[in-house]
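*Asks:* compute the structure for the input listed below.
(one chain, ligands or ions: 2)
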Amino acid sequence: MRALITGITGQDGGHLAELLHDKGYEVYGLVHGQNNPKRLAVETEFPFVTLLEGDVTDPTSIVRAVETSQPDELYNLAAISHVGYSFKNPTLTAEVTGKGVLNVLEAVRLARLTDTTRVYQASTSEMFGGLDYNRPGRGYNESSLFHPRSPYGAAKLYGHWIAKNYRESYDMFVSCGILFNHEGERRGVEFVTRKITTAVARIASGLQDHLQLGDLWPKRDWGYAGDYVRGMWQMLQHPEPEDFVLASGETRSVEQFVEAAFAEVGVDDWRPFVRQNPALLRPAQVDILLGDASKAESELGWCREVDFSGLVQRMVRHDLWLHGSHDVRHRRPRSRALVGGAA
Ligand code: NAP
Ligand code: G4F
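*Replies:* Ligands and ions are numbered 1, 2, ... in the order given. Next comes the predicted model:
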């Protein structure tokens, strides 16, 4: 089996490359930019991946990548994925995160692979928006109403609907995973969980004295990325292309994440180490996300293995190891992920 992953240099791209390689796939990955610093990290950590150059905003390059790799499965993970950044760069976000999906789907059609290539589209819980009027008690599921609250969410909603349109119009096997927040050792440090665990490790190691954050009250449904990429693969093994929610079914505030991360290094009174920076506030906020993954659990047999405390623990331990704490309790973690990314 051959798989092409767009977004190979991102968090999920790494986890998925590892999973598919372990399953015996020939793995291809798309890298964009003429001198992408993350390329070397992928080459070092995943030497088994064949890297192809291409940008989802450049249709020709995607057709070329699809024709070269002839994938049985195509995982479209490429995106501008940072919500805050999308407010500052809405046009670029629309091009990459929205129209990029169309370019990927068209590439499969132009390469005449609609009958053979199964496509996974990385949709998101950001499409729900977390408002009072559309919030179901048990959590958002595949039938819940969408109300995106950011240029990122709006671009993803276009990607979601064009993916469904290609499924219906051309009978393509295109499945959309509506994934709630998933984190881990490979998470970019621009996202709040990794920003927190990096800072906690550095504060504990005497390398930093405080952490600047935006809003502490928003709630997210946080899971572990390794569990979620397994769900992506399971969606493409399902007999029919459908949409599936992946979520933990629990929601916690940013403040609760901060508290749990500091507790890992024995700090109960974390407030002296945290300052709010108004520059980190967003023009519109998603107040609360909570997902209901019942469909994926019953139809795919998906379940998560890492719970919230396990997630926080492995991220803090990884960052303690990465940032040079000499405390013997901070053994090198089992993960092979070495790359934290730039601040
Ligand atoms: P990520 O770490 O931000 O990775 C995004 C990837 O997209 C990177 O490899 C990036 O490459 C690539 N990319 C950006 N612009 C591109 C372009 N013009 N052409 C080709 N590639 C481009 O995101 P992630 O956390 O792994 O998430 C994977 C996907 O799932 C994304 O689509 C994200 O929106 C979606 N999602 C994520 C979550 C989550 O909680 N992690 C939840 C729901 C949905 P460079 O880094 O080399 O620029
Ligand atoms: O970690 P975040 O940036 O993730 P967010 O906005 O929930 O988006 C992530 O999850 C989505 C799925 O729901 C994905 F589709 C998306 O690609 C991305 O992976 O922020 C989480 C919360 C927000 O409420 C944010 O305002 O943390 C708050 N926050 C507070 N201080 C901060 C910060 N977020 C960031 N990134 N940095 C801060 O300093």
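
*Asks:* with only the CA atoms kept, save the one helix or strand Glu255 maps to in CSV.
*Replies:* Per DSSP states H and E: Glu255 is located in helix 254-264. Output of helix 254-264 as CSV, limited to C-alpha atoms (Å, rounded to 0.1, in the frame of the first residue of the first chain):
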residue,chain,number,x,y,z
VAL,A,254,-6.6,26.4,29.7
GLU,A,255,-6.2,27.2,33.4
GLN,A,256,-6.7,23.5,34.3
PHE,A,257,-4.0,22.5,31.8
VAL,A,258,-1.6,25.1,33.4
GLU,A,259,-2.4,23.8,36.8
ALA,A,260,-1.9,20.1,35.8
ALA,A,261,1.4,20.9,34.0
PHE,A,262,2.9,22.8,37.0
ALA,A,263,1.8,20.0,39.3
GLU,A,264,4.0,17.7,37.3
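
*Asks:* list the contacts of the closest residue to Phe262 other than its chain neighbours.
*Replies:* Excluding the flanking residues, the one nearest Phe262 by CB to CB, 6 or more residues apart in numbering is Trp270, at 3.9 Å. Every residue, glycine included, has its C-beta placed from N, CA and C. By CB atoms under 8 Å, 6 or more residues apart in numbering, the contact set of Trp270 is Val258, Glu259, Phe262.

*Asks:* do stretch 308-317 and ligand 2 meet at all?
*Replies:* No. Against ligand 2, stretch 308-317 shows no contacts by CB under 6 Å from any ligand atom, the least distance being 12.4 Å.

*Asks:* hang on, the earlier thing: look up how far ligand 2 lies from the residue nearest to Phe262.
*Replies:* Distance of Trp270 to ligand 2, computed by CB to the nearest ligand atom, to the nearest Å: 14 Å.

*Asks:* flag every residue of this protein that's near ligand 1.
*Replies:* Counting by CB under 6 Å from any ligand atom, the chain sits next to ligand 1 at 6-13, 30, 32, 36, 38, 55-57, 77-81, 96, 122, 124, 179, 181-182, 188.

*Asks:* for the helix holding Glu255, packing partners?
*Replies:* When contacts are defined as 3 or more CB pairs under 8 Å, 6 or more residues apart in numbering; DSSP states H and E, helix 254-264 packs onto helix 192-204, strand 211-213, helix 308-322.

*Asks:* now do the buried residues in the longest one.
*Replies:* Along helix 308-322, the positions that meet the burial threshold by neighbour count (16 or more other CB atoms under 10 Å) are 308, 311-322.

*Asks:* how much space separates the closest residue to Gln121 other than its chain neighbours from Phe48?
*Replies:* With sequence-adjacent residues excluded and distances taken as CB to CB, 6+ apart, Gln121 is closest to Ala163, at 4.1 Å. Look at Ala163 and Phe48: by CB to CB, to the nearest Å, they are 28 Å apart.

*Asks:* the more surrounded of these two?
*Replies:* Shown here are Ala163 and Phe48; by other CB atoms under 10 Å, Ala163 has more neighbours (25 against 11).

*Asks:* do a quick rundown of the helices in the chain.
*Replies:* Here the chain has its helices, by DSSP state H, at 11-22, 38-45, 59-69, 83-88, 90-93, 100-110, 151-170, 192-204, 225-237, 254-264, 294-295, 308-322.

*Asks:* name the helices or strands packed onto the shortest one?
*Replies:* With contacts defined as 3+ CB pairs under 8 Å, 6+ apart, helix 294-295 has no helix or strand neighbours.

*Asks:* sorry, back to before: filter the residues of the chain next to ligand 1 down to the buried ones, PyMOL style.
*Replies:* A single PyMOL command is used to select the members of the residues of the chain next to ligand 1 judged buried by 16+ other CB under 10 Å:
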select buried, resi 6+7+8+9+10+11+12+13+30+32+38+55+56+77+78+79+80+81+96+122+124+179+181+182+188
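
*Asks:* so where is the chain shaky, pLDDT-wise?
*Replies:* Along the chain, the parts satisfying pLDDT under 70 run over 325-343.

*Asks:* for the nearest residue to Thr6 once chain neighbours are set aside, grab phi and psi.
*Replies:* Nearest residue to Thr6, sequence neighbours excluded (CB to CB, 6+ apart): Ala78, at 3.8 Å. Per-residue torsions, Ala78: phi -60, psi 130 (degrees, to the nearest 10).
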